[in-house]
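Peer 1: Sequence and predicted structure below; questions after.
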Amino acid sequence: MAKLGRGNELIFRVAVSVPVYRLFDYLAPDNFEPAAIKAGIRLEVPFGKGKKIAFLVEVADYSELDSSKLKRVSRILDEKSLLRAKDLRLLHWASRYYHHPLGEVIGAAFPVALRQGKLAVVQTEKYYNLTESGKTVDANQLQRAPKQKSLLEKLQQEQLPLSETELSAWNKNWRPLVKPLLDKQLIQLAQPESKVMFAASLVRDDTLQLNPQQMSAVAAIKEGLGRFGVFLLEGITGSGKTEVYLQVIRAVLERGQQVLILLPEITLTPQLEERFGQRFAIAQCLSHSKLTDRERQAAWLKMQQGDCFIMLGTRSALFTPLKNPGLIILDEEHDVSFKQQEGFRFSARDVAVVRGKILNIPVLLGSATPSLESLHNVDKKHYCLLHLPERAGNAIEPVLQLLDIRNKPMQEGLSEQLIEEIKITLAKKEQVLLFLNRRGFAPTLICHGCGWVARCRRCDANLVIHYAEKMLRCHHCGHEQRLIAHCPACKTGELTALGLGTERVEKVLTELFADKTIIRLDRDSIQRKGSLEGYLQQINQGKVDIILGTQMLAKGHHFPNVTLVAILDVDSGLFSIDFRAAEKLAQMIVQVSGRAGRCEKPGKVIMQTRRPEHPLLTTLLRQDYRSFAKTALAERKEAGLPPFSHQILLRAQAVDAQMPQLFLQAIVELVRPCNKGHIQVLGPVAAPMARRAGLYRYQLLFQSAKRRELHKLFDDAVPEIEKLKQAKKVRWSLDVDPVDLY
Ligand code: ADP
Ligand code: ZN
Ligand code: ZN
């Protein structure tokens, strides 16, 4: 029975950033201006024993609860909502689609500082430009004040208003120079928007002649500006995708609109930032997890206020409010880092598309190896495919080769033939890149006497040997212990390192190529801040001969002098139980290959394998990624797997071994009556790693060709699941469109 608030008081229905699905009712605060109360404003409310920040969802005139039980909002933080109505619509959609609590979803849209209740003080930057006389005056007239002269010259050179940040970047002590120049009426305060007004001088250097494919891609996207549409720009590394982005961004800026560019990795931002900086004469904002809370908040507010027009960021930047949105770009759209794997598990790619639809602007997805989902959307005519089939400029495509290593002598994962190829390349003063997606020295420590294996006490996993540090580490829970010298089981057997990690290959490389410089790039070697940047710089300055690394080498970095790329162990990717493994492997091979021969020098890519006839490898070799994708999509269709069906994965874990299974079994019973037979319920089964960090893990997979029915089931089931008595004894989570079933 609905009850009116005390004396017809208004009720504030709010979302709080906590992992519960329901909204909370509060009495309206004392003294507020009703006209100012809009959905999305931040409030402070009493919550449990303390206070929490809440987001206003709606103002109602009744509550299901007895108003005498309701507490009062303590404080209103925002005079007006920092989120626009369309952004809120997106967040409501995301909360429903991902079946995730609204408070946490809204919370995710804010930078940490604002989520915690910091006031949104917008520090608008001052801009300075030249007055008419400043433009024409001869700077030498300031001969006696050389510092003032240099500032004047700087502005004359730039011909654009400069912000305080830009001036600080130029010279830390610029401030005292401003006043005398203002007094002499050589410079003046400028409007930030006037930057964009200088459409002609927006771009520093734009002399590149696009090739015909680039031209038609740019034309198609430009034609699509101002309305929703999704473009998939497919092009091998070096085919000129980034150049297409730059030209399209220019067109968006000329319309006075903002661009949001998302990248899979923080480490790729400096590279792109530099390229954008060379092209555009306006400032860019960055948003990623290595920035301070303050910096992130400043960038967020700048985009929100419309003071900045370009934002480069990672996944979480997706929700940044835009005053004047024009375009969203996702580079390397196939990359799994666009999927958030914990908490609010969302796909930045899929949400970007919905955001584009709500904002009525185009979304541009780029990749050398588009995801099967996106290619399927092209087939269904939901996305428009733009193809750049060849390398731009003079760069030559690398040659892919399989190297059959069956029965061949190997030295720590390197065949003799490969070692020979490395020697030849180094003799030409060119660089070699070796790829092995496993860090550490070796993945297993085994006793040669009794077969004992070093296992993690808290996970179903082996401990990885980190030889240089004399440590054994679990890569799943972080547990570590000292490397032991004797078998704890039989006390006499010799302990042997089984398998291959980057550290082990590095060791043999330093023996084989003692006079060469070798760099290992993996998560262990780049732990120090800035070390990756340092390494990349050394590589590009030609100070490195051999680069050895994991996953992170496969992504976007440019190594112009690398002419030999070798994938040491493709076989381990060929036999996975994950139905996405083939797609991931094919993408990895093509991406790693893309690192070879970016300039005029031809490159070679060698894959060591014991399965040279494997169809995945031969298709990539004799045909291309697209042919592979076509076959893979046909197989998915045959098997009824995504993207031809939709999945929701329910995970549960607990210290108690039985509880997750009981909980999931109860859910199976719960949903049985609602299932009209269109939804397959698989499980509960133990997760492939059945125990991790001391918790037992089970999962339940829901799959259906009918997305709507699948979601309807969860709309109804989630409130009931929350009420299950076992729900309080496990940690459970929902993963909609999971990319990793494990
Ligand atoms: P991708 O993003 O697809 O890897 P880029 O846009 O980075 O490709 O282009 C690769 C290289 O080719 C860059 O050095 C770029 O400056 C150059 N390039 C791109 N388009 C052209 C073109 N039309 N003519 C000459 N060089 C080009
Ligand atoms: Zn032993
Ligand atoms: Zn562990």
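Peer 2: Everything's here; your move. Ligands and ions are numbered 1, 2, ... in the order given.
Peer 1: where do the helices sit along the stretch 101-250 of the chain?
Peer 2: Using DSSP state H, counting those that start in this stretch, the helices of the stretch 101-250 of the chain run over residues 102-109, 112-115, 132-136, 146-158, 164-170, 175-183, 194-197, 212-223, 241-254.
Peer 1: Mind checking the pLDDT average for the third one?
Peer 2: Going back to what we said before, that points to helix 132-136. Helix 132-136 carries an average pLDDT of 87.
Peer 1: What lies in contact with that helix?
Peer 2: The contact list for helix 132-136, computed with CB atoms under 8 Å, 6 or more residues apart in numbering, reads 152, 155-156, 181, 185-188. All C-beta atoms are positioned from the backbone trio N, CA, C, and that covers glycine.
Peer 1: Tell me how many other residues crowd residue 409.
Peer 2: 8 (other CB atoms under 10 Å).
Peer 1: returning to that earlier point: lowest-confidence stretch among the helices of the stretch 101-250 of the chain?
Peer 2: helix 194-197 - the lowest mean pLDDT of these, at a mean of 51.
Peer 1: Now residue 496: closest residue in space that isn't a chain neighbour?
Peer 2: Counting by CB to CB, 6 or more residues apart in numbering, residue 496 lies nearest to residue 448, which is 4.9 Å off, once chain neighbours are set aside.
Peer 1: Not counting sequence-adjacent ones, nearest residue to residue 340?
Peer 2: residue 346 (5.4 Å).
Peer 1: low-scoring stretches of the protein, by residue?
Peer 2: When residues are selected by pLDDT under 70, those of the chain lie in 1-7, 122-124, 191-201, 205-206, 528-529, 556, 597-600, 742.
Peer 1: Centre-most residue in it?
Peer 2: residue 264 (3.4 Å; CA atoms, centre = their mean).
Peer 1: Report the separation between that one and residue 587.
Peer 2: Using CB to CB, to the nearest Å, residue 264 is found at 12 Å from residue 587.
Peer 1: Ok, residue 10 next?
Peer 2: Counting by CB to CB - residue 10 and residue 587 are separated by 53 Å.
Peer 1: between those two, who's got more neighbours?
Peer 2: residue 587 (25 against 17).
Peer 1: In the stretch 551-700 of the chain, what residue spans correspond to helices?
Peer 2: 571-574, 581-593, 615-622, 625-639, 659-671.
Peer 1: The longest one versus helix 581-593: what angle between them?
Peer 2: It stands for helix 625-639. On the basis of axes from the mean of the first three to the mean of the last three CA atoms, to 10 degrees, helix 625-639 is oriented at 170 degrees to helix 581-593.
Peer 1: Can I get the helix or strand that contains residue 434 in CSV? Just the C-alpha atoms.
Peer 2: Counting by DSSP states H and E, the element that carries residue 434 is strand 431-435. Backbone C-alpha positions of strand 431-435 (Å, rounded to 0.1, in the frame of the first residue of the first chain) are rendered in CSV as follows:
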residue,chain,number,x,y,z
GLN,A,431,65.7,-6.0,-35.1
VAL,A,432,64.1,-9.2,-34.1
LEU,A,433,60.9,-9.6,-32.1
LEU,A,434,60.1,-12.9,-30.3
PHE,A,435,56.7,-13.5,-28.9
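Peer 1: ok, then the element right after that strand?
Peer 2: Counting by DSSP H and E, what follows strand 431-435 is strand 444-447.
Peer 1: my guess is residue 308 meets residue 285, correct?
Peer 2: Yes - with contacts defined as CB atoms under 8 Å, residue 308 counts as touching residue 285 at a distance of 4.6 Å.
Peer 1: Are there residues contacting both of the two? Which ones?
Peer 2: Residues touching both residue 308 and residue 285 by CB under 8 Å, 6+ apart: 299, 302.
Peer 1: Near residue 692, how many other residues are there?
Peer 2: Neighbours around residue 692, by other CB under 10 Å: 18.
Peer 1: Up against ligand 2, what does this structure have?
Peer 2: By the rule CB under 5 Å from the ion, the part of the chain lying against ligand 2 is 447, 449-450, 452, 487, 489-490, 493.
Peer 1: is it true that residue 509 lies in a helix?
Peer 2: Yes - counting by DSSP: H, G, I helix; E, B strand; the rest coil, residue 509 is found in a helix.
Peer 1: How about the closest residue to ligand 2 within the stretch 201-350 of the chain: what's its closest non-neighbour residue?
Peer 2: Nearest residue of the stretch 201-350 of the chain to ligand 2 (CB to the ion) works out as residue 341 at 37.1 Å. Distances taken as CB to CB, 6+ apart put residue 740 closest to residue 341, at 6.8 Å, once the chain neighbours are dropped.
Peer 1: Spit out the contact partners of that neighbour.
Peer 2: So residue 740 contacts 336, 339, 341, 578, 580 (CB under 8 Å, 6+ apart).
Peer 1: would it count as being in a strand?
Peer 2: No - counting by three-state DSSP, residue 740 is located in no strand; its state is coil.
Peer 1: still on that earlier bit, just the buried members of the contacts of residue 740?
Peer 2: Using 16 or more other CB atoms under 10 Å as the burial test, the contacts of residue 740 include 339, 580 as buried.
Peer 1: how about CSV for the contacts of residue 740, with distance to residue 352 added?
Peer 2: Formatted as CSV, the contacts of residue 740 follow (distance: CB to CB, whole Å):
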residue, distance to residue 352
336, 15
339, 12
341, 17
578, 25
580, 20
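Peer 1: Nearest to ligand 1, out of the contacts of residue 740: which one, please.
Peer 2: Checking these against ligand 1 by CB to the nearest ligand atom gives residue 336 as the nearest, at 19.7 Å.
Peer 1: give me every residue that touches that closest one.
Peer 2: 584, 739-740.
Peer 1: what's the answer for residue 533, then?
Peer 2: By CB under 8 Å, 6+ apart, the contact set of residue 533 is residue 270.
Peer 1: going on from the helix or strand hosting it, what's the next piece of helix or strand?
Peer 2: Assessed by DSSP H and E, residue 533 sits inside helix 531-540. Following helix 531-540 in sequence order, the next helix or strand is strand 546-549 (DSSP H and E).
Peer 1: Turn the contacts of residue 336 into CSV, columns for distance to residue 332.
Peer 2: Shown next, in CSV, are the contacts of residue 336 (distance: CB to CB, whole Å):
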residue, distance to residue 332
584, 13
739, 14
740, 17
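Peer 1: of those, closest to ligand 3?
Peer 2: Closest approach between the contacts of residue 336 and ligand 3, by CB to the ion: residue 740, at 17.8 Å.
Peer 1: related to what we said a few turns ago, which strands and helices lie in contact with the strand holding residue 434?
Peer 2: Strand 431-435 sits against helix 416-427, strand 546-549, strand 562-567, with contacts defined as 3 or more CB pairs under 8 Å, 6 or more residues apart in numbering; DSSP states H and E.
Peer 1: Now do it against helix 531-540, angle only.
Peer 2: Using the same axes, to 10 degrees: strand 431-435 against helix 531-540 is 140 degrees.
Peer 1: need the contact list for residue 332.
Peer 2: 263-264, 366-367, 555-556.
Peer 1: how close does the nearest residue to residue 532 once chain neighbours are set aside sit to residue 549?
Peer 2: Spatial nearest neighbour of residue 532, excluding adjacent residues (CB to CB, 6+ apart): residue 526 at 4.3 Å. Distance, residue 526 to residue 549, using CB to CB: 9 Å.
Peer 1: quick one: which of the two has more around it?
Peer 2: residue 549 (25 against 19).
Peer 1: Tell me, how many residues neighbour the nearest residue to that one once chain neighbours are set aside?
Peer 2: Of all residues not flanking residue 549 in the chain, residue 521 sits nearest, at 3.5 Å (CB to CB, 6+ apart). By other CB under 10 Å, the residues close to residue 521 number 23.
Peer 1: Just to check, residue 521 is in contact with residue 546?
Peer 2: No - in terms of CB under 8 Å, residue 521 does not count as a neighbour of residue 546; the distance is 11.0 Å.
Peer 1: so who does residue 705 touch?
Peer 2: Contacts of residue 705 (CB under 8 Å, 6+ apart): 640, 644-646, 678.
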